[in-house]
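Novice: below is the sequence, then the predicted model.
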Amino acid sequence: MSEVRHAISCISGGVDSVTTAYYVNKVLKPPKQLLIFCNYGQRTYPYEEFCIKKISEILNAPLKIVDLHWLGKISTSVLTHPDKEITETKDEELWEPEKAKQRILRWWDPCRNAILLLVGLAHAESFYISKGERYDIYIGIRRETPVAMKDNTPEFLDEMNRVAEQATHHGGYTILAPLITFDKDKVVKLGEELGVPWVYTYSCYAGVGFKQVNDQRLPVHCGFCSNCKRRKLAFKQAKIRDPSVYSV
């Protein structure tokens, strides 16, 4: 088995990326782990940032926040336009391929996952050039059903690894997605085994504020957007209680 190198974890604060960061930290145990979080003007930024800072403290892994506001300014995604209404996704619509295809562009930010990985890759190359330290880049993408976004697939991962080889001076960097074959309920099961603190993960697309719970300030999920619905279903299928706060 090859030696585990240092790790850069691209993290968004959601179930998938936090579980991936935990997997890297607790199972792979790299000598160093850096968390990178990108602020592209997403409406849920305050809640994601809150969670990621907590995860950084718990894992004792440094966090770097990268400003990508320009991406939000050119995006048509509902995520970067708080004035656009987020309507309820019916449970039965989660599994209708045509409905899923229609939803994708509502949440799609131009080239987002590719840009996030290139941000991680740029940091990895900088560390190697300046310090001689080798980092691999990890992202929390997983298998999506019934329709996958193009930048959440094994094919996308393969292409980004080819880009990494040609876009860097020395080459030899690896982009990894340990959960790429997992359904969301399997991700939840793994996260539970690894001790992920679910109250410090945020999946909501809407962003509906914070709430004081037992002397603890926690972010609130709307409970009706498609991502909240998928999250609820995954915990139910995994038979694991989600302690997070929902408005409905």
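Specialist: Nice, I can see it. Residues are numbered from 1 along each chain as shown.

Novice: residues of the lengthiest helix in the chain that come out buried?
Specialist: Ordering each helix of the chain by length in residues (DSSP state H) puts helix 112-131 first. With burial defined by 16 or more other Cβ atoms under 10 Å, the residues of helix 112-131 counted as buried are 112-113, 115-125, 127-128. Just so you know, the C-beta spots here come from the backbone N, C-alpha and C atoms, and that holds for glycine as well.

Novice: tell me which of those residues is nearest to A238?
Specialist: N113 (24.6 Å; Cβ to Cβ).

Novice: ok, now which ones touch that closest one?
Specialist: When contacts are counted by Cβ atoms under 8 Å, 6 or more residues apart in numbering, N113 touches 139, 141, 151-152, 156.

Novice: likewise I104?
Specialist: 147, 149.

Novice: give the buried residues for whatever helix or strand it lives in.
Specialist: Element membership of I104 [criterion: DSSP states H and E] is helix 97-107. Going by neighbour count (16+ other Cβ under 10 Å), the buried part of helix 97-107 is 99-100, 103, 107.

Novice: how about the helices in the chain?
Specialist: So, for the chain - with DSSP H - the helices run 15-23, 45-59, 69-74, 97-107, 112-131, 154-167, 184-194, 226-238.

Novice: D91 is nearest to which of those helices?
Specialist: helix 226-238 (6.3 Å).

Novice: what's in contact with that closest one?
Specialist: Contacts to helix 226-238, defined as Cβ under 8 Å, 6+ apart, come from residues 14-15, 89, 91, 93-94, 103, 183-189, 192, 203-206, 221-223, 241-242, 246.

Novice: now, of those, which are buried?
Specialist: Buried residues within the contacts of helix 226-238, counting neighbours by 16+ other Cβ under 10 Å: 14-15, 89, 94, 103, 183-189, 192, 203-206, 221-223, 242, 246.

Novice: relative to helix 226-238, how tilted is the helix or strand bottoming out on mean pLDDT in the chain?
Specialist: Taking mean pLDDT, DSSP states H and E as the measure, the chain has helix 97-107 as its least confident helix or strand, at a mean of 83. If you take axes from the mean of the first three to the mean of the last three Cα atoms, to 10 degrees, helix 97-107 sits at 130 degrees to helix 226-238.

Novice: now do the contacts for the nearest residue to K64 once chain neighbours are set aside.
Specialist: Nearest residue to K64, sequence neighbours excluded (Cβ to Cβ, 6 or more residues apart in numbering): I36, at 5.2 Å. Neighbouring residues of I36 by Cβ under 8 Å, 6+ apart: 8-11, 63-64, 66, 116, 119-120, 123.

Novice: rerun that using 10 Å as the cut-off
Specialist: Each residue near I36 by Cβ atoms under 10 Å, 6 or more residues apart in numbering is listed here: 8-11, 52, 62-66, 116, 119-120, 122-123, 137-138.
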